[in-house]
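In: My questions concern the predicted model and sequence given below.
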Amino acid sequence: MAAASSKSKTGVFIRNAKKNIRTNVRALLIFLSAFVSAALLTLSFYTSNFAQVEKTPILISACFAIFLLIVSISIIVLQYFSKKVYSNLRSIILFLIFLVSLPLIVFLAGFGFSVEGMLLALLIIPAGVMGVTGLLGAPTAFILAIFVSLIVGFPNSHDGAIAVVLMLCVSFVGIIMIDKFWPVRKIALSILILSLTYFVIALAIFARFDTSMLPNVYYLFTFMPIIAALSVMIIAVGITYFLARPFHITTKTRLMELSNSSTGLLYRMSTEAPGSYHSSVMVATIAEAGAITVNADPLLTRVGALYHDIGKLKRPSFFVENQVPLGLENKHPKMSPRISHLVLTSHVKEGVEIAEENNLPEEIIDVIRSHHGTTLAAYFYHRALSESDGAEVKESDFRYPGPKPQTKEAAIVMLADSVQAAVKSLKDPNRAKIDEMVDNIFNNRLYDGQFDECGITLRELTALKDNFGKVLTGLYTYTRIEYPEVKKEG
Ligand SMILES: [Fe+2]
Ligand SMILES: [Fe+2]
């Protein structure tokens, strides 16, 4: 007993030590990246004709120090407002690449000493920031827009300050357009709004600058703002499209492609495991509604739910929901409960394998891997107990291997999957019966510790419960209209 306890203490110590090393290495890498970013920015400032100022060693050192400060603050702000990006080193690097490359292009293009340079900055910076909206989300893009503007603005004269204000305006409008309307909704409207913003900016430039200095390119903003808006949009979409794969980022467009069931794995599932496919569609509907209620990502939750049981494609005939549609008999009564349990639980591992073979995004694979957490396969456990003749039956042998859900989205899919399976067994379902069943399942998962690692709160669980009750009542209770029998006369 004492040996086991000291062994577990050593295990905890080693785990904590590994975690500390990982955290320190990560912090060191982030600091090095910030240092390199500040050095690159200083170098580009030094080699450009920026503001035609004399580049004394003091100015260069001051620039380096302020760039390092700005880059470091931007990373700390990310930690506050964009935790998901901050927790992923690859995403931080991508953020820093944009934080450095956008000012770099702008410095080298001559911003700070020519109006052409400023106009170019008004196209390049919003385009980059909008690209980041598609890649890392709106909060990160807002942070990027602010800090890029600070970097560009620092070594500048007061004309530069006007440009910074304009840059922020057009970048913010661009972020909102991409976040709200991209990829399919009202794309024409977003280009129109962006065009109007460029037109307003053209008026502002006209009012604040010497009109005799304005170059021909300025008239692009005044007379053809739609071309400026279109170019910015095309560059932003190009950035999102080309950088998503190398940085392992799951964009909305990719998720929408994956939710199409007329091709790929979902199509295979609809033909080879029709019962599992139908259940997954129902789980997706319930989970998506839940995600909206608790401010999780509804699209990611929906797609995760659509693919959560993709592992059932390996042996569809062993799952009861496919036996009737495929015209097969139930094989489990003839199998031992342990073998049945092994066959059924393997759909999690096989789902992960199928997902990896088909290059599904990591977030979806995480949902597949954790959708049963470490829950108990109660039916086969109790069958094993009743058939054991007094022999020991370990509960742990009948639990799924885990891990427990690591994100709110994964926890929602787990709950939606459980309630969807349970509601089908209710006789004459109504709201009261559904609410009671949902309550039992939520409590069971909560006390079983399944939400320990995903950060979902009790308040969110209560909101989810209520939402699931409503959605399930809509899906599984029917008010039938009695059609009057038509009596034949005579
Ligand atoms: Fe499953
Ligand atoms: Fe399922």
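Out: Received the coordinates, thanks. Ligands and ions are numbered 1, 2, ... in the order given.
In: distance of I105 from T47?
Out: 13 Å (Cβ to Cβ, to the nearest Å). Glycine gets a C-beta too; all of them are placed from N, C-alpha and C.
In: got the contact list for the closest residue to T375 other than its chain neighbours?
Out: Leaving aside its sequence neighbours, T375 sits nearest to Y400 (Cβ to Cβ, 6 or more residues apart in numbering; 5.6 Å). Contact analysis of Y400 by Cβ atoms under 8 Å, 6 or more residues apart in numbering lists T345, V348, H372, G373, T374, T375, A377.
In: The third one contacts L344, doesn't it?
Out: No - using Cβ atoms under 8 Å, H372 is not in contact with L344; the gap is 9.7 Å.
In: So if I had to pick from these two, which one is more boxed in?
Out: H372 (25 against 20; other Cβ atoms under 10 Å).
In: Mind pulling up the pLDDT for the residue nearest to T375?
Out: On the pLDDT scale, Y400 is placed at 92.
In: show me where pLDDT drops low in this protein?
Out: In the predicted model, the chain carries pLDDT under 70 at residues 1-9, 11-12, 49-53, 110-114, 155-160, 182-185, 210-223, 478-490.
In: and it, what are its domains?
Out: 12-244, 252-476 (automatic domain parsing).
In: quick one: the residue in the stretch 201-350 of the chain positioned nearest to ligand 2 and V106, what's the gap?
Out: Using Cβ to the ion, the single residue of the stretch 201-350 of the chain nearest to ligand 2 is D309, 4.3 Å away. D309 sits 49 Å away from V106, going by Cβ to Cβ.
In: quick one on the thing from earlier: between I105 and T47, which is the more surrounded one?
Out: I105 (16 against 12).
In: Who are the contact partners of the nearest residue to the more buried one once chain neighbours are set aside?
Out: Of all residues not flanking I105 in the chain, I124 sits nearest, at 5.5 Å (Cβ to Cβ, 6+ apart). Contacts for I124 (Cβ under 8 Å, 6+ apart) come out as L102, I105, V106, A109, I235.
In: contacting residues around the closest residue to the last one other than its chain neighbours?
Out: It refers to I235. Spatially, and ignoring its direct neighbours in sequence, I235 is nearest to A127 (3.9 Å; Cβ to Cβ, 6+ apart). Applying Cβ under 8 Å, 6+ apart to A127 gives the contacts G174, S231, V232, I235, A236, I239.
In: Rebuild these as TSV, extending it with neighbour count.
Out: Shown next, in TSV, are the contacts of A127 (neighbours: other Cβ atoms under 10 Å):
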residue	neighbour count
G174	28
S231	13
V232	28
I235	17
A236	26
I239	20
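In: quick one: which of the residues you listed sit in helices?
Out: Of the positions in these, G174, S231, V232, I235, A236, I239 sit in helices, assigned by DSSP state H.
In: Now the residue in the stretch 1-150 of the chain that ligand 2 sits nearest to: which helix or strand?
Out: At 25.8 Å from ligand 2, K84 is the closest residue in the stretch 1-150 of the chain, using Cβ to the ion. According to DSSP states H and E, K84 maps onto helix 83-86.
In: Verify the stated contact: V303 with S259.
Out: Yes - proximity of V303 to S259 meets the contact threshold set by Cβ under 8 Å, at 5.2 Å.
In: what about I365, neighbour count?
Out: 20.
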